[in-house]
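Q: Pasting a predicted model and its sequence here:
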Amino acid sequence: MAAPMGRGLLWAVSAHCARHLFSRIAHHSAVVPSLVNMRISNRHYAVKTRKKSKNDTQKKTLESEPKQKKKHNRPPLPSEPTDDVYLTWCYQRQVYEAEVALDMLKKFQQLDFTSPNQHVYANITLDMAMDKKKTVEQFVGTLLLPYRYTDGTHKVLLFTENAEEAALAKEHGAALVGGTELIKPILDGEIQADFYVAVPPMVSKLSALRSTLKKKFPKTKDGSLSYDIPQMLSFFKVCHEYAVEDENSIQSQIATLDMPNDQIVANLDALIKDTCKYKPLSYGPFVTSLIMRSSTSEGLYVQFERFLPEGAVKEKVKVEEMEEKDSDSDDEEEKIREAK
């Protein structure tokens, strides 16, 4: 009696559990992939790679090329404001003649009650490019301004071992004169000068100072290496020095604000013409923009084309014509490619 009762209980439990058991199997069979129906490759050789077609390379080049931004046809900004108070970014940048800009700077000085003999600065931006890979090296220039704006003189040191040359240098105002005995004090920083000049026989003996003096090392290119001692000293005692900074800009004092306009313009003209000597005219104009300001005023953009050396404007026109021809030829080549 007990055996049939036990069998009945087992049958009831198995029948009840089968529902949950088979429902779980059916639930997981949809997730777990069946390995029975998977095809296994029987190949014992490598698959040949497909050759790249021209269409694939063209697609890659098109994807790699940056997308050109859509040009928005915006109306040009008005040239001159109609009111005394206006937003500068709503109008075209004002570019003045040099004389007009100087009159405005002097008016700013009167309105601001600042010093009338403050310095006038010329901020010049240069185009240092020559060829595709060649550029003009940063340089330090010196020149004699037509009108001096300071009474001070520079401290000039002359290298020579000749007693007669040393005496001649002292007569013409050299601050220091000596030979190789000055090398160690200069390296130690005990002796400093504004300019260093020398006679040619001393160059080979001063090689230890090249890394210290750098661009101030005596050389024939800037006139600091010569036998003409009086001429060197008279030039470097009163010369005006300027340098290229931040890769392509010159910020130089040219006058004081209380000087007449014609004298300030003459100094500006001399500075720009001397700067243009460092780049051949065949590469186009060297100067790209000019700003004049005083020590306490804002900068004013000035028209600089009149100060460029003769031939620079003509070369600029030639360069622009060559660029237009190149662009036209490129457009023709693109049309031919599209037609093909």
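A: Noted; the coordinates are in hand. Numbering: from 1, shown residues only.
Q: all contacts plus neighbour counts: C-alpha atoms, from now on.
A: OK.
Q: ok, and the closest non-adjacent residue to the residue most central in space within the chain?
A: Centroid check for the chain by Cα atoms, centre = their mean gives Glu247 as the closest residue, at 4.7 Å. Closest residue to Glu247 apart from its sequence neighbours, by Cα to Cα, 6 or more residues apart in numbering: Gln138 at 6.7 Å.
Q: next one: Glu165
A: Spatial nearest neighbour of Glu165, excluding adjacent residues (Cα to Cα, 6+ apart): Ile229 at 7.6 Å.
Q: Confirm for me that that neighbour is in contact with Ala169.
A: Yes: the pair Ile229 and Ala169 qualifies as a contact (Cα atoms under 8 Å) at a distance of 6.4 Å.
Q: which one of these two has more residues nearby?
A: Neighbours per residue (other Cα atoms under 10 Å) separate Ile229 from Ala169, with Ala169 holding more: 23 against 20.
Q: I figured that one hits Gly178, correct?
A: No: the pair Ala169 / Gly178 is not scored as a contact, 10.2 Å apart, by Cα under 8 Å.
Q: Find residues that contact each of those two.
A: Counting by Cα atoms under 8 Å, 6 or more residues apart in numbering, the shared contacts of Ala169 and Gly178 are Leu158.
Q: mind listing what Phe304 touches?
A: 287, 289-290.
Q: Please read the previous query as pertaining to Gly223.
A: Met232.
Q: need the helix or strand of this structure with the lowest average pLDDT.
A: helix 2-29 (a mean of 51; mean pLDDT, DSSP states H and E).
Q: Need the contact partners of stretch 227-237.
A: Counting by Cα under 8 Å, 6+ apart, 144, 153-156, 165, 168-169, 172-174, 195, 197, 199-200, 223-224, 226 sit against stretch 227-237.
Q: Domains in this protein, by residue range?
A: Using automatic domain parsing, the domain ranges for the chain come out as 95-151+240-309, 155-238.
Q: Output the ones you listed in CSV, with mean pLDDT and distance to Pro75 appended to each entry.
A: Below are those laid out as CSV (pLDDT from 0 to 100; distance: least, Cα to Cα, whole Å):
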stretch, mean pLDDT, distance to Pro75
domain 95-151+240-309, 94, 20
domain 155-238, 95, 49
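Q: Would you format those domains as CSV with distance to Thr88 included?
A: CSV is the format used below for those (distance: least, Cα to Cα, whole Å):
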stretch, distance to Thr88
domain 95-151+240-309, 13
domain 155-238, 41
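Q: Out of the ones you listed, which gets nearest to Leu87?
A: Leu87 lies closest to domain 95-151+240-309 among the domains of the chain, at 15.6 Å (Cα to Cα).
Q: coming back round to it: okay, the residue nearest to Glu247 and Lys215: tell me how far apart.
A: 10 Å (Cα to Cα, to the nearest Å).
Q: More neighbours: which of those two?
A: Comparing Gln138 with Lys215 by neighbour count (other Cα under 10 Å), the higher total belongs to Gln138, at 15 against 11.
Q: can you pull the contacts of the more buried one?
A: So Gln138 contacts 243-245, 247-248 (Cα under 8 Å, 6+ apart).
Q: cool, Met259 as well?
A: Asn117.
Q: Am I right that it is in a strand?
A: No: assigned with DSSP: H, G, I helix; E, B strand; the rest coil, Met259 falls outside any strand and is coil.
Q: Phi, psi for it please.
A: Dihedral angles of Met259 (phi, psi; degrees, to the nearest 10) stand at phi -80, psi 150.
Q: ok, now how distant is Gln118 from Ile291?
A: 17 Å.
Q: likewise Thr88?
A: Taken as Cα to Cα, the span from Thr88 to Ile291 is 16 Å.
Q: Of the two, which one has the most company?
A: Using other Cα under 10 Å, the more surrounded residue of Thr88 and Ile291 is Ile291, with 21 against 11.
Q: helix, strand or coil for the more buried one?
A: Relying on three-state DSSP, one would call Ile291 strand.
Q: in stretch 155-171, what counts as buried?
A: Using 16 or more other Cα atoms under 10 Å as the burial criterion, the residues of stretch 155-171 that qualify are 155-161, 165-166, 169.
Q: do stretch 271-283 as well
A: For stretch 271-283, by 16+ other Cα under 10 Å, it's 271-276, 279, 281, 283.
Q: follow-up on the earlier one: same list, the buried residues of stretch 155-171, but as a markdown table with distance to Gly311 and secondary structure please.
A: Formatted as a markdown table, the buried residues of stretch 155-171 follow (distance: Cα to Cα, whole Å; DSSP: H, G, I helix; E, B strand; the rest coil):
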| residue | distance to Gly311 | secondary structure |
| --- | --- | --- |
| Lys155 | 37 | coil |
| Val156 | 36 | strand |
| Leu157 | 38 | strand |
| Leu158 | 38 | strand |
| Phe159 | 40 | strand |
| Thr160 | 42 | coil |
| Glu161 | 45 | coil |
| Glu165 | 42 | helix |
| Ala166 | 44 | helix |
| Ala169 | 40 | helix |
